[in-house]
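1. One predicted model, sequence on top.
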Amino acid sequence: MTAKALSGMQDAVSALRRDGAVGLLARLRLRDSEDYEDWCEERDMVAIIAALRRLSGRQLERIGMAHATLALDVEDLVLRAERDRAVTDDVLRIVEGDAPQRLMAAE
């Protein structure tokens, strides 16, 4: 076996261990990394919704969700997390970029 073939087999085995047979098939079918990431995101959303469906109505109400609108609630939660991440990145960029100017102004 060539080194390239051996490396490919090792990648396939690690994908099989990490993601299972479904993940390995998805990785083979969705060779474009963007398509694979989209598939992973959709799979994760389904898993999150399935986990939340196991909660009672009272438990879901405590976190501001309901069984009737669970898919929309999870989608809103993801969008909020993405917005928060973007704002946090902007704030960190401003703070890191602004720190030397404040130090010079204080001198």
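-> Nice, thanks for sending it over.

2. Please count neighbours and contacts with C-alpha atoms only from this point.
-> Noted.

3. Give me the next element, helix or strand, following the helix or strand bottoming out on mean pLDDT in the chain.
-> Counting by mean pLDDT, DSSP states H and E, the weakest-scoring helix or strand in the chain turns out to be helix 3-29, with a mean of 63. Next in sequence after helix 3-29, counting helices and strands by DSSP states H and E, comes helix 33-53.

4. Test my guess that Asp73 contacts Met65.
-> Yes. Between Asp73 and Met65 there is a contact at 6.2 Å, judged by Cα atoms under 8 Å.

5. and Ala71, how many residues sit next to it?
-> Applying other Cα atoms under 10 Å, we find 19 residues neighbouring Ala71.

6. Now it. Nearest residue, chain neighbours left out?
-> Of all residues beyond its chain neighbours, the one nearest Ala71 is Ile49 (6.5 Å), with distances taken as Cα to Cα, 6 or more residues apart in numbering.

7. who's in contact with that neighbour?
-> Leu70, Ala71, Val74 (Cα atoms under 8 Å, 6 or more residues apart in numbering).

8. Helix or strand: which one has the second one?
-> Taking DSSP H and E as the criterion, Ala71 maps to helix 70-106.

9. ditto for Met65
-> Secondary structure assigned from DSSP H and E places Met65 in neither a helix nor a strand.
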